[in-house]
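Q: With the input below, show me the fold.
(one chain, ligands or ions: 2)
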Amino acid sequence: MIVLKTGRELTVMREACRISAGALQLVGKAIEPGITTAELDKIAEDYIRSQGAVPNFKNYQGYPATACISVNNEVIHGIPSKKRVIKQGDIVSVDLGALFNGYHGDNAATFACGDVSEEAKRLMDATRESLYEGIKAAVAGGRIGDIGHAVQSYIEARGYSVVRQFVGHGIGTKLHEAPEVPNFGTPSRGIRLMPGMTLAIEPMVNAGGSDVEILPDGWTVLTKDGSLSAHFEHTVAITSSGPQIMTIPEV
Ligand code: MF3
Ligand code: CO
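A: Residues are numbered from 1 along each chain as shown. Ligands and ions are numbered 1, 2, ... in the order given. This is a model prediction of the structure:
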């Protein structure tokens, strides 16, 4: 069932999203050679709790941390660890969210640690842009396939591939709500987009093929061919005046 949110609900949810975005921004600024992914996770958790919110990934289906931190060929769901040291030239995908007053925010971005290869930069830029293409297509009266098609066509035109085994999602009083929001699709297909829908749109893009595999830890998703991967995500509200990005940090 797709839950449409009232204006009052969106106001509360915007707070959860603001906190999620603030935490993501802080982690992004902290990325430097030598820092561990466990230290980055702590920065996120401390900030979220300082805002009176709760890290919403922690304990979700047994997930052990605040953030998912996925490096280079890791696509998503990398588990923070004291042993995982970030080094110059890495690309670091950070995904995290906050629960505040009953509502969830969820966002992700891939950050460069120092100077990264041109190839890595191009992948990150294309993935970020594909998210904005998807958001532009999230308009009332359109359909869910419009979003996926916008992302997929942007990415494939650049020779990259979108991951198909994991998708975006509705979000609200639950982290994952209906509908699924694939990063591929056919225009004018799928459920109708309506004002009051809140969606986490989150392209996961591989420099090589779209296939992924999961590590024995049960979480970490890697590209099958070892190629680099990037991930960007915003929580977005569909309104009668167009899509509104909710995961924006306080200025
Ligand atoms: N961030 C993921 C998503 O966007 C959810 C992570 S699963 C968790 O849907 F267990 F790590 F929380
Ligand atoms: Co999400």
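Q: Which helix or which strand is home to the closest residue to Leu4 other than its chain neighbours?
A: Of all residues not flanking Leu4 in the chain, Gly196 sits nearest, at 3.3 Å (C-beta to C-beta, 6 or more residues apart in numbering). Placement of C-beta: from N, CA and C, glycine included. Gly196 belongs to no helix or strand when assigned by DSSP states H and E.
Q: do the same with Val27
A: Going by DSSP H and E, Val27 is part of helix 7-30.
Q: Quick one: residues in contact with that helix.
A: The contact list for helix 7-30 (C-beta atoms under 8 Å, 6 or more residues apart in numbering) reads 5, 39-40, 43-44, 47-48, 51, 53, 66-67, 94, 96-109, 111, 172, 196, 198, 235, 237, 246-250.
Q: Distance of Phe57 relative to His77?
A: 9 Å (C-beta to C-beta, to the nearest Å).
Q: got any residues that touch both of these two?
A: The contact sets of Phe57 and His77 overlap at Tyr63, Cys68, Asp95 (C-beta under 8 Å, 6+ apart).
Q: Name the residues of the helix holding Val27 that are buried.
A: Buried residues in helix 7-30, counted by 16 or more other C-beta atoms under 10 Å: 9-10, 12-27, 30.
Q: Quick one: end-to-end distance for stretch 46-57.
A: By C-alpha to C-alpha, to the nearest Å, the extent of stretch 46-57 from end to end equals 14 Å.
Q: buried stuff in it?
A: In terms of neighbour count (16+ other C-beta under 10 Å), stretch 46-57 has its buried residues at Tyr47, Ile48, Gln51, Ala53, Val54, Pro55, Asn56, Phe57.
Q: follow-up on the earlier one: what about the shared contacts of Phe57 and His77, which are in strands?
A: Taking DSSP state E, the ones among the shared contacts of Phe57 and His77 that sit in strands are Cys68, Asp95.
Q: For PyMOL, write the select line for the buried members of the shared contacts of Phe57 and His77.
A: Here is the PyMOL command that selects the buried residues among those (16+ other C-beta under 10 Å):
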select buried, resi 63+68+95
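Q: Contacting ligand 1 as well, which ones from the shared contacts of Phe57 and His77?
A: Restricting the shared contacts of Phe57 and His77 to those near ligand 1 by C-beta under 6 Å from any ligand atom leaves Tyr63, Cys68, Asp95.
Q: Now tabulate those residues in JSON lines and tack on distance to Arg128.
A: Output for these, formatted as JSON lines (distance: C-beta to C-beta, whole Å):
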{"residue": "Tyr63", "distance to Arg128": "25"}
{"residue": "Cys68", "distance to Arg128": "18"}
{"residue": "Asp95", "distance to Arg128": "14"}
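Q: Closest to ligand 2 out of those?
A: Asp95 (6.9 Å; C-beta to the ion).
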